[in-house]
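Chemist: Sequence plus the predicted model coming up.
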Amino acid sequence: MASDLQHKPQLAALWARPETLLARLFDHRIAGIATALLALMVFFSFASDAFLSVNNLLNVTRQVSIMAILSVGMTIAIISGGIDLSVGSIIAFVGVIVASAMTDLSLPIWVAVLFGLATGAAIGFGNGALVALAGVPAFIATLGTMTALRGLTYLYTDGYPIYNLPTAFAWLGAGYVAGIPVPTILMLLVGAVAYVVLSRTPFGIHIYAVGENETAARRVGVRVARVKLLAYVACGILAAISAIVLAARLRAGLPTSGFTYELTAIAAVILGGTSISGGQGSVIGTILGALLLGVLANGLTLLNIEPYVLEVVTGGIIIVAVLMDSLKHRKRAS
Amino acid sequence: MPILELRNVAKRFGAVEALRGVSLSIEAGEAIGLVGDNGAGKSTLLKVISGVYPPDDGELVLEGKVRRFASPLDARDAGIEIVHQDLALCDNLDAALNVFLGRELTRGIGPFRLIDQAAMRSQAKALIEVLEVEVAVTEPVRAMSGGQRQAIAIARALLGNAKIVLLDEPTAAISIAAVEQVLALIRRLKARGHTVIIISHRMSDIFETCNRIVVMRHGENVATKRVLETDRQEVTNLITGALARA
């Protein structure tokens, strides 16, 4: 998406030359993932009668939304040159906290939700402080929070789920607005905001700058530590949103939820063309990446294929995506 | 009144005395060439002037006022800009964003501010045009030539209305063909009234662009010569120590 930053011809010019718009859309890495997604959808449409229906497709977007929102947060962390392995554990921790706030403490839904978001922000702040201020490598720092948070979640719940969340809360996971699932709307909202922030605000530009060349960014006066810190806070808040949507869908806070979600999120990010080494990437690509994984899961399920096959196929796709990324880097280096 | 005066500036790194009492006086509009062998203290001196390191001892006087810079941002606010040897460019961003990095133009209300890409592009274009180098400001800098990259880095320095521009090895990382372009850039900076301080290993860069040469050896300023009153042999002897002082 860094190239998104660069190609922003005036609207009038776009109308005059529609091929510019097309070139922009099919310019870079997004083209690959968009084509792959489309091909997959065409394939499943022919292979299964149930796939191509409004209901099924809306259902896919609902299923994907939790992972997509999580992956958008991961995108921000990875573009900034880091990674956040703790997001799966944040899902469980925040889910349990929010559930407990509504049941044990009988707090109003909106207070519980805000509390959950604040918890996500605080965990992100902790991750960011370790990475940006203490200089701990992101992989290690967030591996630590991942493990510790999972343990805290089990300690707090004794390993038992917290059930019987209010019906009104479940709307966040199961409701519809104008026929569109609420999680789908949340995914689109999160995606739009993240897109604008990353490509059109100084903070977003600084995330790309820090991820590409931290020394250069520091020398020209970008507050590198602050930028990195805020990237993890954003990632924590987005993980908390995912946690809340998941808890609402399950009408429960499960201490086991979100397990290995961080890995699927990384997969969606890489599939979407974001470079694992930082400085390059896009929110749109990531959402397409998450959709691709979701469509794959949905389609294979409809075809009654063993779920283990899905894991093999997903792994294979990730390897191909990373291979293409590193080939691109090699081409650039030469 | 000199625009910049250094009085007995000293800087130590542990047991290493990088600068041992350097004094120097620079007039506005002058171009000063800083030469010396590796480890002679030129880079440290540049970093003290640009606020990267505060001096352990001595004073930095800018336009008659004693200044103490806590950071490069302080020095920049005071009108001192540095163009680093590696240019400090982000390859993934376009030329305009690189020029404005850390100082983006925005529009909007309160905390809801978006970058003003059109304004940054037109201003970056104008700044680079002054330097008479062709640069497509909407293109990422990754693919640009050494001369173009240097122009972008210098345009960034000019953005803040720099009075003094420090150039660290401006010709070290570029092709021979681009050297002439960069030297022309430096002359244009001078012509526009900027005071310029250049570190270069290439003696010819200094002789072609500067008014005076400051020779550093073992952390000391061993000679300050007018370019017209010296020659390469003398400067080389001063650098190596074959000639103690002049």
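Modeler: Happy to help now that I have it. Numbers count the residues shown, from 1 in each chain, chains lettered A, B, ... in the order given.

Chemist: And the next helix or strand past the helix or strand hosting A:Ser65?
Modeler: Assessed by DSSP states H and E, A:Ser65 sits inside helix A:54-79. Once helix A:54-79 ends, the next helix or strand along the chain (criterion: DSSP H and E) is helix A:87-103.

Chemist: now the angle between helix A:54-79 and that following helix, please.
Modeler: In terms of direction (axes from the mean of the first three to the mean of the last three C-alpha atoms, to 10 degrees), helix A:87-103 departs from helix A:54-79 by 120 degrees.

Chemist: Run the chain-centre distance for helix A:87-103.
Modeler: Between the centre of helix A:87-103 and the centre of its chain there are 18 Å (C-alpha atoms, centre = their mean, to the nearest Å).

Chemist: Buried by neighbour count: which residues of the very next helix or strand once past that helix qualify?
Modeler: Moving toward the C-terminus from helix A:87-103, the next helix or strand (DSSP H and E) is helix A:109-128. Buried residues in helix A:109-128, counted by 16 or more other C-beta atoms under 10 Å in any protein chain shown: A:109, A:112-113, A:115-117, A:119-121, A:123-128. Heads up, the C-betas are built off the backbone N, CA and C, glycines and all.

Chemist: what about helix A:109-128, distance to the chain center?
Modeler: On C-alpha atoms, centre = their mean, the centre of helix A:109-128 falls 17 Å from that of its chain.

Chemist: try stretch A:293-311
Modeler: The answer for stretch A:293-311 is 21 Å, by C-alpha atoms, centre = their mean.

Chemist: what do you get for stretch B:158-175?
Modeler: On C-alpha atoms, centre = their mean, the centre of stretch B:158-175 falls 4 Å from that of its chain.

Chemist: Kindly report the same for stretch B:8-28.
Modeler: For stretch B:8-28, the distance to the chain centre is 17 Å (C-alpha atoms, centre = their mean).

Chemist: Now do it: everything it contacts.
Modeler: Residues from elsewhere that reach stretch B:8-28, judged by C-beta atoms under 8 Å, 6 or more residues apart in numbering or on different chains: B:2-7, B:32, B:41, B:44-45, B:48, B:53, B:55-60, B:163-164, B:193, B:195, B:197, B:214, B:216, B:218-221, B:224.

Chemist: let's see it at 7 Å
Modeler: B:2-7, B:32, B:41, B:44-45, B:48, B:53, B:55-58, B:60, B:195, B:214, B:219-221, B:224 (C-beta atoms under 7 Å, 6 or more residues apart in numbering or on different chains).

Chemist: tell me which parts of chain B are close to chain A?
Modeler: Contact residues, chain B versus chain A (C-beta under 7 Å from any C-beta of the partner chain): B:72-73, B:76, B:84, B:88-94, B:97, B:101-102, B:104, B:106, B:113-115, B:117, B:138-140, B:156.

Chemist: can you tell me which of these are in helices?
Modeler: The members of those that map onto helices under DSSP state H are B:72-73, B:76, B:97, B:117, B:156.

Chemist: Which of these are buried? Put it as a PyMOL command.
Modeler: Remark: buried members of those, expressed as a PyMOL selection using 16+ other C-beta under 10 Å:
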select buried, chain B and resi 72+76+97+117+156
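
Chemist: Which pair of the ones in helices among the residues of chain B next to chain A spans the longest distance?
Modeler: Using C-beta to C-beta, those reach their maximum pairwise distance at B:Pro72 and B:Gln117, which is 25.8 Å.

Chemist: Spell out, range by range, the strands that occur in chain A.
Modeler: A:176-177, A:180-181 (DSSP state E).

Chemist: For the residue positioned nearest the centre of chain A, list the residues it contacts.
Modeler: Nearest to the geometric centre of chain A sits A:Ser71, at 1.3 Å (C-alpha atoms, centre = their mean). Neighbouring residues of A:Ser71 by C-beta under 7 Å, 6+ apart: A:265, A:268-269, A:286, A:289-290.

Chemist: If you rank those residues by neighbours, which is first?
Modeler: Within these, A:Ala265 tops the neighbour count with 35 neighbours, counted by other C-beta atoms under 10 Å in any protein chain shown.

Chemist: tell me, how many neighbours does B:Ser175 end up with?
Modeler: For B:Ser175, using other C-beta under 10 Å, the count is 11.

Chemist: Quick check: it touching B:Gln148?
Modeler: No: assessed by C-beta atoms under 7 Å, B:Ser175 is found out of contact with B:Gln148, at 11.7 Å.

Chemist: from memory A:Ile76 sits against A:Tyr232, does it?
Modeler: No: with contact defined as C-beta under 7 Å, A:Ile76 does not reach A:Tyr232; the gap is 8.5 Å.

Chemist: backbone phi and psi for the residue most central in space within chain B, please?
Modeler: When C-alpha atoms, centre = their mean is applied to chain B, the residue found nearest the centroid is B:Leu166 (1.5 Å). In terms of degrees, to the nearest 10, the main-chain angles of B:Leu166 are phi -100, psi 130.

Chemist: I'd like the contacts of A:Ser71 written out as TSV, with pLDDT and distance to A:Pro202 added.
Modeler: Below are those laid out as TSV (pLDDT from 0 to 100; distance: C-beta to C-beta, whole Å):
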residue	pLDDT	distance to A:Pro202
A:Ala265	96	26
A:Ala268	95	27
A:Val269	95	23
A:Thr286	96	22
A:Gly289	95	27
A:Ala290	97	27
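
Chemist: Right, I'll leave it there.
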